[in-house]
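Enquirer: Using only what follows, build the 3D model:
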Amino acid sequence: MSARRSWIACRANLRTMLTVIVILSAVPASAPALAKHAPPSEAAEIARCIRIAARGYNWLEKTLWGLRAQEAGWLGAEVANSNGTHDLGPLQINSWWVPRIARLIGRPEHQVRDWLRDDACFNADVARWIFLSALDATGDYWKAVGAYHSPTTWRQRAYAAKVALHMRARFGADAFATRSEKMGAVMDRTAASARQR
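Expert: Alright, predicted model coming up:
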């Protein structure tokens, strides 16, 4: 009798575990969890494009790398969001931006969307533009990092903290050392000229 109860209990636990696995597998993962490891040629192309987009500004290149690490996209990425938009390409540019960018550059929306998804350099340039536009609007580096992700203040703070961790992991504990002394003045001078280029 006790062996039978043990078997029934075991079967009930197994059924519960399988139910949990099925439910969890149906829950959509966040964009970084969907990231794939890029082949070396793709990673090299993304790195080259980030360098080009930074236009020689070390602080901007570090920023773009921080955004890239947090977003964890890839060439061809089109990750669906719960609000009906999609995050596109290596720096996961939200499709919300597509109509605005299309108007700014005088190209059809479908072409802009394809470029954001499939062209690493166009994707990195747009990421740079979004970040520098936010920097110009807020006048605050970390608010601009957060605004890259969301217009909501609490989401901005959480996102900026994650990007800072990625930057620290990639560039070391002194990744921000020059920011406190020189970054403010450098960003003020270069943000406007970098956007112009």
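Enquirer: tell me the centre residue of the protein?
Expert: The centroid of the chain falls nearest to Glu71 when counting by Cα atoms, centre = their mean (2.3 Å).
Enquirer: How about it: what's its closest non-neighbour residue?
Expert: Gln92 (3.8 Å; Cβ to Cβ, 6 or more residues apart in numbering). C-beta coordinates here come from the backbone N, C-alpha and C atoms, glycine included.
Enquirer: Give me the buried stretch members for stretch 115-123, please.
Expert: Of all the residues in stretch 115-123, those buried under the rule 16 or more other Cβ atoms under 10 Å are Trp115, Leu116, Arg117, Asp119, Ala120, Cys121, Phe122, Asn123.
Enquirer: All the strands of the chain, in order from the start?
Expert: Assigned by DSSP state E, the chain shows strands spanning 78-80, 86-88, 93-94.
Enquirer: follow-up on the earlier one: looking at it, the residue nearest to the centre of the chain is touching Leu88, isn't it?
Expert: No - in this structure, Glu71 is not within contact of Leu88 by Cβ atoms under 8 Å, at 10.2 Å.
Enquirer: Verify the contact between the residue nearest to Glu71 and Glu78 for me.
Expert: No - with contact defined as Cβ under 8 Å, Gln92 does not count as touching Glu78 (9.7 Å).
Enquirer: Compare the two and say which is more crowded by neighbours.
Expert: Ranked by neighbour count (other Cβ atoms under 10 Å), Gln92 and Glu78 place Gln92 first, with 28 against 15.
Enquirer: distance of that one from Gly66?
Expert: Relative to Gly66, Gln92 is positioned 13 Å away (Cβ to Cβ, to the nearest Å).
Enquirer: Could you do Pro40 as well?
Expert: Counting by Cβ to Cβ, the gap from Pro40 to Gly66 is 22 Å.
Enquirer: what do you get for Leu91?
Expert: 11 Å.
Enquirer: Looking at these two, which one has more neighbours?
Expert: In this view Leu91 and Gly66 are compared by other Cβ under 10 Å, and Leu91 has more residues nearby, 29 against 25.
Enquirer: Would you agree the more buried one is in contact with Leu64?
Expert: Yes - applying Cβ under 8 Å, one finds Leu91 in contact with Leu64, separated by 7.4 Å.
Enquirer: Isn't Ile101 up against Val126?
Expert: Yes - here Ile101 reaches Val126: they are 6.3 Å apart, a contact under Cβ under 8 Å.
Enquirer: Between the two, which contacts overlap?
Expert: Counting by Cβ atoms under 8 Å, 6 or more residues apart in numbering, the residues touching both Ile101 and Val126 are Leu116.
Enquirer: Which of these two has more residues huddled nearby?
Expert: Neighbours per residue (other Cβ under 10 Å) separate Ile101 from Val126, with Val126 holding more: 24 against 19.
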